[in-house]
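Visitor: Need a 3D model of the following:
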Amino acid sequence: MNTAKKAQVILNNRVDYADFIPEGYAIVDQNIVFGDFNGDGLKDFVAIIADGDLNDFDDDNYPGDVRIIIYEGTEEETYVKRAQSGNMTYAFIYEEGDYIKIIKSNVISITHQSMRSDYELKFRFETNYDTYMLIGTEYSNYGNAYLEGAGDFSTNYLNKTRTIKRRTFNPEQETIIYLPEEKIKLKEDIRTINQVDGSSIDALICCG
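Guide: Numbers count the residues shown, from 1 in each chain. Predicted coordinates for the structure are as follows:
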């Protein structure tokens with residue numbers, strides 16, 4: 001795997017993005033986003049990669065390994081792989097679309113959508129840890145026709161707080177009922193991006 005390339009190559013030739021990722025992987029939807037994530041004044045980029053042929057997926061042929069990957073720019077005009085998530089699994093890219101955006105100039109926002117829910121993961125370079133950390137999540141569960149399980153969950157891992165806004169349905173009055181807001185204090189410590197994977201998502205976004 002090439003861990004460094006001339007910056008000019010990646011800025012001017014999208015085809016050469018493939019040189020930055022492991023052999024056997026491809027960049028999902030060419031959804032690559034640039035920004036100065038670590039505050040050193042140099043341009044970095046983030047992408048989602050998956051193993052297998054992204055143009056040849058069916059029910060029997062889909063990626064077994066999907067990861068968020070971050071490259072940082074250097075003063076030598078190269079890019080070096082800095083961090084990556086654990087395996088997010090194919091469910092993470094089940095729906096097509098742009099998954100990545102940058103908010104508040106240096107927070108990497110990664111979104112996932114499905115039929116009955118969606119969530120957002122927020123990563124930021126934290127100087128105290130010298131790596132990229134999961135600093136927060138947003139989760140919306142739409143529930144079923146009767147809104148069972150429906151609600152919005154907002155988690156801030158910097159202050160270890162989760163805010164929950166549940167809603168339910170009154171079939172007799174055919175109205176949505178918004179339940180009182182809940183605030184939960186979390187015990188979990190802030191996590192590095194490599195500790196985030198498909199098996200840990202449920203606990204991280206709503207149920208931990």
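Visitor: For Ala83, give me its contacts.
Guide: Applying CB atoms under 8 Å, 6 or more residues apart in numbering to Ala83 gives the contacts 69-70, 131-132, 192-194. (Glycine included, C-beta is placed from N, CA and C.)
Visitor: So in terms of bridging, what pairs with it?
Guide: Ala83 has these beta-bridge partners by DSSP bridges: Ile70.
Visitor: State the distance from it to Asn170.
Guide: Here the distance between Ala83 and Asn170 works out to 47 Å (CB to CB, to the nearest Å).
Visitor: Run the chain-centre distance for the host helix or strand of Ser154.
Guide: Ser154 belongs to strand 151-156 when assigned by DSSP states H and E. Here the centre of mass of C-alpha atoms in strand 151-156, compared against the chain's by CA atoms, centre = their mean, to the nearest Å, lies 15 Å away.
Visitor: Give me the mean pLDDT for it.
Guide: Rounded to a whole number, the mean pLDDT of strand 151-156 is 95.
Visitor: Export only the CA atoms of it, formatted as CSV.
Guide: C-alpha atoms of strand 151-156 as CSV (Å, rounded to 0.1, in the frame of the first residue of the first chain):
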residue,chain,number,x,y,z
GLY,A,151,-37.1,9.0,18.8
ASP,A,152,-34.0,11.2,18.4
PHE,A,153,-30.8,10.5,20.3
SER,A,154,-28.0,13.1,20.5
THR,A,155,-24.8,12.0,22.1
ASN,A,156,-21.9,14.3,23.1
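Visitor: and the residue of the chain most remote from its centre, helix, strand or coil?
Guide: No residue in the chain sits farther from the centre than Glu172, which is 39.6 Å out by CA atoms, centre = their mean. Applying DSSP: H, G, I helix; E, B strand; the rest coil to Glu172 yields a three-state assignment of coil.
Visitor: Hmm, Asn159 and Leu186 touching each other?
Guide: No: taking contact to mean CB atoms under 8 Å, the distance of 9.0 Å between Leu186 and Asn159 leaves them out of contact.
Visitor: Please identify which of these two sits among more neighbours.
Guide: Neighbours per residue, other CB atoms under 10 Å: of Leu186 and Asn159, the larger number sits with Leu186, 14 against 10.
Visitor: got a list of what that one touches?
Guide: Taking CB under 8 Å, 6+ apart as the contact definition, Leu186 lies against 155, 157, 160-162, 208.
Visitor: just to revisit the earlier point, any idea how far the residue farthest from the centre of the chain is from Glu126?
Guide: With distances defined as CB to CB, the gap from Glu172 to Glu126 amounts to 50 Å.
Visitor: cool, Leu158 as well?
Guide: Computed with CB to CB, the distance linking Leu158 and Glu126 is 9 Å.
Visitor: any residues in contact with both of the two?
Guide: Between them, Leu158 and Glu126 share these contacting residues under CB under 8 Å, 6+ apart: 135, 190.
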